[in-house]
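Q: pasting the structure only:
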């Protein structure tokens, strides 16, 4: 048990990484990974996820002006700004205008100058069954699904299946970023902040690459594991026979049950890896509060039961996030933005390059 997934990853980094070791992150990445790797003396290496057109491939992204993600020092070089095609109303903040048509291609924050940020919207809502924790459900929340089995009945134009863009990982690029110095690969699925859900085939491709690097340990951050949509299924990397001996799975109660302040997390994996966490935590957090551990244990049991006309709490929370994703995606499109609809998690990434922001607002 850990004081949230964050502390679990901190303990793993401290136990596994020595000065000079490399930690490979898929970019864009949750910001704590890099800092925790550096605190352990590690060197951070990035491997980008790329935006891909589902039918025309990555060349279509380039043709439409969608620059692929840059990694490491390349970010500081920057690229010329996109031509701005649409304007926002200036002056009175109460001014209204007819919403523009959806803007063109997406980019992510690493691809553009700071004056043209790609934005990420997110929200946590819904209380854990049987708990007092709750949060307001605003229109800026992102995602969920209707039925059990991590599938969705939401088949309108705001589903990820209907979006022409997707995030992909190039296995050859991953292999090029790995070396004999690589100690840890962090996999985060569903991915924060892109919302990408890795399929079994994609995980098998990653596993095939890692066979050439026996020293690498996989930290699989799965805190969004129950927030998977549109008929997709969350596949645990550790469920692949070749990955199990080298993978530690990290999760928590915070995201699924909207109780992030409780800080109840856990990690599961082979004893030689998990032992690093047990040894370190005797001198870091010593113990996780027993009352909240007991409460989360009860919640995990209750969540499997029928809840609010759904087959389980997990089914209900997915349906709530799908409803919110629909509202947010439609709102972003009405504002002239072009979001990449997430497959999981509760973030939506979108481009802002189609809008001209008044100088007074910058």
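A: Happy to help now that I have it. The structure displayed is predicted, hence computed values, not measured ones. Numbers count the residues shown, from 1 in each chain.

Q: C-alpha only now, for contacts and for neighbours.
A: OK.

Q: For the residue lying closest to residue 174 once chain neighbours are set aside, name its beta-bridge partners.
A: Spatial nearest neighbour of residue 174, excluding adjacent residues (CA to CA, 6 or more residues apart in numbering): residue 47 at 6.1 Å. The residues listed as beta-bridge partners of residue 47 by DSSP bridges are residue 26.

Q: cool, and the one 10 residues further on?
A: Here residue 57 shows beta-bridge partners residue 53, assigned using DSSP bridges.

Q: neighbours around residue 360, how many?
A: As a burial measure, residue 360 scores 7 neighbours (other CA atoms under 10 Å).

Q: Contacts only, for it.
A: Applying CA atoms under 8 Å, 6 or more residues apart in numbering to residue 360 gives no contacts.

Q: Return the distance of the residue nearest to residue 174 relative to residue 243.
A: Distance, residue 47 to residue 243, by CA to CA, to the nearest Å: 19 Å.

Q: When those two are compared, which one has more neighbours?
A: residue 47 (24 against 21).

Q: Please name the residues that touch that one.
A: Here residue 47 is in contact with 24, 25, 26, 27, 71, 173, 174, 177 (criterion: CA under 8 Å, 6+ apart).

Q: Could you count how many residues lie near the second one?
A: Here the number of neighbours of residue 25 (other CA under 10 Å) works out to 23.

Q: Looks like it contacts residue 186 (just checking).
A: Yes: taking contacts as CA atoms under 8 Å, residue 25 lies within contact range of residue 186: 5.6 Å.

Q: Need the residues touching each of the two.
A: The contact sets of residue 25 and residue 186 overlap at residue 33 (CA under 8 Å, 6+ apart).

Q: so can I have CSV of the contacts of residue 47 showing distance to residue 346?
A: As requested, the contacts of residue 47 are exported to CSV (distance: CA to CA, whole Å):
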residue, distance to residue 346
24, 24
25, 20
26, 18
27, 17
71, 24
173, 27
174, 26
177, 28
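
Q: Present the residues you listed as TSV; the columns should include pLDDT and distance to residue 157.
A: TSV is the format used below for the contacts of residue 47 (pLDDT from 0 to 100; distance: CA to CA, whole Å):
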residue	pLDDT	distance to residue 157
24	98	35
25	98	32
26	97	28
27	94	27
71	42	32
173	95	32
174	97	32
177	97	36
